[in-house]
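**Q** predicted model, plus sequence, below.
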Amino acid sequence: MALFGKLSKKKKEDLNKGLEKTKDSVFKKLSRAVAGKSKVDDEFLDNLEEILISSDVGVDTTLKIIERLESRVAKDKFFGIGELNLLLKEEIAMLLSENEANTNTPNWDKNSKDPYVIMVVGVNGVGKTTTIGKLAWQFKNDGKKVYLGAADTFRAAAVEQLDIWAKRVDIPIIKQKTGSDPASVAYDTLSSAKSNNADIVIIDTAGRLHNKINLMNELTKIKRVMEKIIPNAPHEILLVLDGSTGQNAFQQAEQFTKATEVNALAVTKLDGTAKGGVVIGISDQFKIPVKYIGIGEQKEDLQIFNKDEFVDSLFNQ
């Protein structure tokens, strides 16, 4: 499901501002690492490894980038910071491109009259409900008829928060009382959305990981119930991760990809952290495309992830 189109000049400016802390951290460290150097030596590669890992790119992805860099740069060749930036940009862009084949959801028939169903997963506190609200608002602005389903019935606050967003953006929400069966909420939401010719359905789910088996069983049940209303639903399982948590985001991705068939990622809170490299590492390690990034508090600050714009922003001072 395409969304929002190409980044406008304003969105590019917002992206640059949102990645400011990561850019500032990376460039200061790169400048120190390259100072006085006339060739790529072991000391420089060690420094580069430390820079990338400290930006939460991840060890495995960092080593992959360095290996690619080594194969392209002659050890005795002079280089400047501009050349280094260009090489790093190209290698990181290629890594992200390798996951583009997964961006489309193959189990959704584009000619279907049924709504496109997104099931959103993620732990509490990562900005899951806020991401749903922003996503719903942007879909609506794109001319789509949207329904929300409050299937995180474990926490009363989750239902209330989603209800606030629904009222704020004037979108129908299906909800039940706290403690209700989440699958029942999902069933009612899809039934109502289908009968009212909705285009998009976004289902919130519980954000707890204390028991992986229970989580897996719950999400499987929700999926099974939804398929009774709309074949192959959900078409998209969107995992929301807090980019500012760095390595914790990797751990959460590992847990949720084991519990359910995640096929899209949203990485939030990138504006408040120097750990923006987590977007690169998670995309590479889990082979799941990052579809959205959160770079601020406003509704429009949830952006569709554009790998070329992201990498350009990251390496352009």
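**A** Cool, the structure landed.
**Q** in this protein, where is pLDDT below threshold?
**A** Within the chain, the stretches with pLDDT under 70 are 1-7, 27, 31, 35-39, 74-82, 100-108, 209-212, 317.
**Q** go with 50
**A** 2 (pLDDT under 50).
**Q** now the helices for it?
**A** Remark: helices assigned in the chain by DSSP state H are 9-18, 20-34, 42-54, 59-72, 81-97, 128-141, 156-169, 182-195, 212-229, 247-259, 278-286, 307-315.
**Q** out of the ones you listed, deepest packed?
**A** helix 278-286 (a mean of 24; mean count of other CB atoms under 10 Å). Every residue, glycine included, has its C-beta placed from N, CA and C.
**Q** which residues are contacting that one?
**A** 55-58, 60-62, 64, 92, 95-96, 98-99, 241, 243, 246, 249-250, 253-254, 257, 262, 265, 267, 270, 288-290, 293, 305, 310 (CB atoms under 8 Å, 6 or more residues apart in numbering).
**Q** between the two ends of stretch 160-177, how far is it?
**A** Distance between the boundary residues of stretch 160-177 (CA to CA, to the nearest Å) amounts to 10 Å.
**Q** can you tell me which residues contact the residue nearest the centre of the chain?
**A** Taking CA atoms, centre = their mean, the centroid of the chain lies closest to A266, which sits 1.8 Å from it. Contact analysis of A266 by CB under 8 Å, 6+ apart lists 131, 238-241, 290-294, 302.
**Q** tally of neighbours for P115?
**A** Using other CB atoms under 10 Å, P115 has 25 other residues around it.
**Q** how near is it to K299?
**A** The gap separating P115 from K299 is 22 Å, by CB to CB, to the nearest Å.
**Q** check I164 too.
**A** The gap separating I164 from K299 is 13 Å, by CB to CB.
**Q** return the set of residues that bridge with the residue nearest to the centre of the chain.
**A** V240, Y292 (DSSP bridges).
**Q** repeat that for Y147.
**A** In this structure, Y147 bridges to V201 when assessed by DSSP bridges.
**Q** from W165, how far off is the residue nearest to the centre of the chain?
**A** 15 Å.
**Q** ditto for L270
**A** Distance, L270 to W165, using CB to CB: 21 Å.
**Q** what do you get for N217?
**A** Applying CB to CB, the value for N217 to W165 is 28 Å.
**Q** how about T130?
**A** From T130 to W165 the distance is 8 Å (CB to CB).
**Q** ok, A33 touching L48?
**A** Yes: in this structure, A33 is within contact of L48 by CB atoms under 8 Å, at 6.2 Å.
**Q** for the residue nearest to the centre of the chain, give its distance to N232.
**A** For A266, the distance to N232 equals 21 Å [CB to CB].
**Q** if I pick F310, what's in contact with it?
**A** By CB under 8 Å, 6+ apart, the contact list for F310 reads 15, 19, 96, 279, 293.
**Q** ok, 7 Å please
**A** By CB atoms under 7 Å, 6 or more residues apart in numbering, the contact set of F310 is V279.
**Q** what does the one 3 residues further on give?
**A** Contacts were defined as CB under 7 Å, 6+ apart; by that measure S313 touches 15-16, 19.
**Q** OK, contacts around the residue lying closest to L162 once chain neighbours are set aside?
**A** Spatially, and ignoring its direct neighbours in sequence, L162 is nearest to A150 (4.8 Å; CB to CB, 6 or more residues apart in numbering). Applying CB under 7 Å, 6+ apart, we find A150 in contact with 159, 162-163, 173-175, 185, 204.
**Q** now, the most widely separated pair of those?
**A** D163 and V185 (12.5 Å; CB to CB).
**Q** what do the two both touch?
**A** Counting by CB under 7 Å, 6+ apart, the residues touching both D163 and V185 are 150, 175.
**Q** any idea how far stretch 145-165 is from the chain center?
**A** Its chain's average C-alpha position is 20 Å from that of stretch 145-165, according to CA atoms, centre = their mean, to the nearest Å.
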